Each structure stands twice: as structure tokens, then as C-alpha cells.
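Q: Just need the structure, nothing else, for what follows:
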Amino acid sequence: MRAIEFEKYGGPEVLRLVAAEVPEPGPGQVSVDVAWAGVNFADLKARSDGYRVTSLPHRPGLEVSGHVRAVGEGVTALRVGQEVAGFLQGGGYAEVVVAEAAAVFALPDGVDLRTAATLPTVLPTAHALIHEVGRLRAGETVLVQGAAGGIGTAVVQLARAAGAGAVYGVTSSKAKAEYARAHGYDDVFPADSFGEDVRRATGGRGVDLVLDPVGGDTLRRGLDALATFGRLVSFGNASGAAPWQTGQADLAVRGLAVGGFSVLNLAATAPDALRDLTGRALRAVVDGTVALPVTAEFPLRDAAEAHRLVDSRTSTGKLVLRVA
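A: Purely as a prediction, here's the structure:
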């Protein structure tokens, strides 16, 4: 089979197409003939910085869709030939993957394989940010960093469905701001002035919920943009800054709360919770609450081009690799 790997860290040019052995599922696992693979920022961090890479060569890819190829011992909920989407800890850029059966989901009616490849990481994350961790209530206001990305596109739709009073975004360019507004944001602010913009938009009050995948100084400024009793949820550290810390002195003055979420950590530590979360999130696609646009697709052999597009910081929505 064909797969994409890298054997040293660096730019997109380190990705190479290789011939590999077809993997077989072990107990509690399934193998999947991959049709589509999602491209995520974590894939780029793995390639450039070794994020969650345990050894080299490494095969990136956290989410796939396709058909069940084989089932391992003890797997009864899935069958050969079934259309599925799956979450992986890596290895998705390949024609065949092996995944834990608990992280593979039969596709509901109305969800095609191309769309399904965009869902395993983005949709549970977006759902958790709005509901399980962010606990958004009707009428509250939200500020979303990275509003034009895949998670940002899903979050605004879920926030609207939950009755948000207003949803504001932050992007790095005017083109991304236009994309975010077209997908439901009330207003979109530039990264260098979002704190002042939030105060102006809310009459000095601040927002009730801030969602931040950037970290570093951006996260600190997001805390300052909160209203009294506001919540901030950190779900990434795209800035690469040193781990951010806060405490009683920062939070108690206005009764603030800080939470965190990582779909990768949840999959590793609480797979049953991830499965329940994903089931709830998928219902939002089936009932039409959320639609995730695929804004670019590349054949598997051109995975480096997909990475270059994301590295350019001009991409919006969700990118996928066409594998089958």
C-alpha cells in the first residue's frame, strides 16, 4: 500500500510517499480501507516539531473515513464493508490504517465519506468547547480565536444553535475575516486588537466565553476580554509559547474560570467519554445543525502541498487528502 511518512523533522518537503506493508488489526481493533484523510494543524506540528511523535519514521494523520477492511478479535459492533469514520493517534495518511474499534464510528445515513473525514477531530472538539467544557447558555456571548478554521467554522454553528447572543471571531487576515463572517460570525477582529474590539462591541462588558487554540500572550489577552463570571477554554498552543499559567490572583477578582480540552488526550485517557461525545456531536451533522465545508482537497501523493497551504496561513475551513 501507499503511505506518507517523514523520517526527519522539517518543512513540507520532508513528507515522502512510500510503499508499506498492509497492517492487520489486533484484538479490539479494526483495519480501514481509507477513502479520505483529514489534514489538521497537529499533523504540521508533528512534522515540524515532533509533536506527539514517539519514533521516526512517522506517519501523520489523525482522522480518516472509508470502509472496514477487517475486524480484530472481540470486535462485534462493526462489520467488514461498513462505511466508517475513525480517530487515530497518528498514521492516517495511508491507504489502510488500523484503529481502536472504540474510536471508529459507523456513518449515519446522509453523511458521505468525504464529509466524514472532516469530523472525527473537529466535531467532538467543537461540541465540547460549546457544551461540555464551555457550558454556553442562551444569550451569552462568545469569542473564538482561529474563527476561519475547521473548528471555528463548526463552533459558530453550534453556538448559534445553543442560542448565543453574539459570536465574535479573531482571524489573521481580511480574507479569513470575510470567510468567518460568511459562515455566521457577527463580527471578526484582527489578532492585534481583539481585546479593545471586544470591549467596544460589548459596551465594555466583555464576552462570557473565550475559546483559544493559540496560547501564550493571546490566551492572557483573552482572559482580559472576559466579562465578570466569564469562562475561557484553552484547546491548543499553536503559538508554541511556554506553558501558560494562571491562579487565584488572576481569577478571583472577577470570578473567572479556565478550562482545557484536547481530543487527543481524551482519546488516550477516556475513550468511552470520547465515543459518547462523538455520538452527540454527529447528531448535529445529521440534523443539519452543522455543515463543515471542505475548502481544498489533494491526492495522497500531494500531502506536502496540503501542508504548504496550511503553513501559508491562507487556508480556511477544512482540508482533506483523497486516498482511494
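
Q: C-alpha only now, for contacts and for neighbours.
A: OK.

Q: Determine the longest strand present in the protein.
A: For the chain, the longest strand by residue count, based on DSSP state E, is strand 29-39.

Q: Other residues contacting the helix or strand following it?
A: Next helix or strand after strand 29-39 toward the C-terminus (DSSP states H and E): helix 41-49. Contact with helix 41-49 is made by 6, 8-12, 14, 51-53, 60-62, 307, 310-311, as judged by C-alpha atoms under 8 Å, 6 or more residues apart in numbering.

Q: now swap in stretch 291-300 and tell me
A: Residues from elsewhere that reach stretch 291-300 (C-alpha under 8 Å, 6+ apart): 3-4, 93-94, 115, 118, 150, 153-154, 285, 305-306, 316-323.

Q: rerun at 6 Å
A: Here stretch 291-300 makes contact (C-alpha atoms under 6 Å, 6 or more residues apart in numbering) with 317, 318, 319, 320, 321, 322, 323.

Q: before we move on, what about stretch 165-184?
A: With contacts defined as C-alpha under 6 Å, 6+ apart, stretch 165-184 is touched by 139-148, 185-191.

Q: Over to stretch 204-224?
A: For stretch 204-224, contacts defined as C-alpha under 6 Å, 6+ apart pick out 140-145, 199, 225-227, 230-239, 241.

Q: ok now that stretch, how far from the chain's centre?
A: 19 Å (C-alpha atoms, centre = their mean, to the nearest Å).

Q: If we go by neighbour counts, what in that stretch is buried?
A: 206-216, 218-219, 222-224 (16 or more other C-alpha atoms under 10 Å).

Q: State the mean pLDDT of it.
A: In this model, stretch 204-224 has a mean pLDDT of 95.

Q: Start and end of that stretch, how far apart?
A: End-to-end distance for stretch 204-224: 11 Å, by C-alpha to C-alpha, to the nearest Å.

Q: Would you map the strands across the stretch 51-200 of the chain?
A: Listed in chain order, the strands found in the stretch 51-200 of the chain under DSSP state E, counting those that start in this stretch are 63-71, 83-87, 96-100, 104-106, 141-145, 166-171, 187-190.

Q: In terms of secondary structure, what does the second one contact?
A: Okay, so that is strand 83-87. strand 63-71, strand 104-106 (3 or more C-alpha pairs under 6 Å, 6 or more residues apart in numbering; DSSP states H and E).

Q: Just list what the longest one packs against, helices and strands only.
A: Read it as strand 63-71. Short answer (3+ C-alpha pairs under 6 Å, 6+ apart): strand 63-71 packs on strand 29-39, strand 83-87.

Q: Contacts only, for the spatially most central residue of the chain.
A: The chain has residue 122 as the residue nearest its centroid, 3.4 Å off, counting by C-alpha atoms, centre = their mean. Counting by C-alpha under 6 Å, 6+ apart, residue 122 touches residue 151.

Q: give me that answer again for 10 Å
A: 38, 40, 63, 149-155, 263, 278, 281, 292, 318 (C-alpha atoms under 10 Å, 6 or more residues apart in numbering).

Q: what's the answer for residue 84, then?
A: By C-alpha under 10 Å, 6+ apart, the neighbours of residue 84 are 32-35, 64-68, 78, 104-108, 111-113, 116-117.

Q: for residue 98, same thing?
A: 22-26, 29-33, 68-72, 86, 88, 90-92, 104.

Q: Derive a PyMOL selection command for the buried subset of those.
A: Burial among those is assessed by 16+ other C-alpha under 10 Å; the matching PyMOL selection reads:
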select buried, resi 24+25+26+29+30+31+32+33+68+69+70+71+72+86+88+90+91+92+104
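
Q: Would you reformat the helices and strands packed on strand 83-87 as CSV and include mean pLDDT and distance to residue 267?
A: Formatted as CSV, those follow (pLDDT from 0 to 100; distance: least, C-alpha to C-alpha, whole Å):
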stretch, mean pLDDT, distance to residue 267
strand 63-71, 98, 12
strand 104-106, 95, 11
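
Q: Any chance of the ones you listed in TSV with distance to residue 195 as columns?
A: Converted to TSV, the helices and strands packed on strand 83-87 look like this (distance: least, C-alpha to C-alpha, whole Å):
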stretch	distance to residue 195
strand 63-71	34
strand 104-106	40
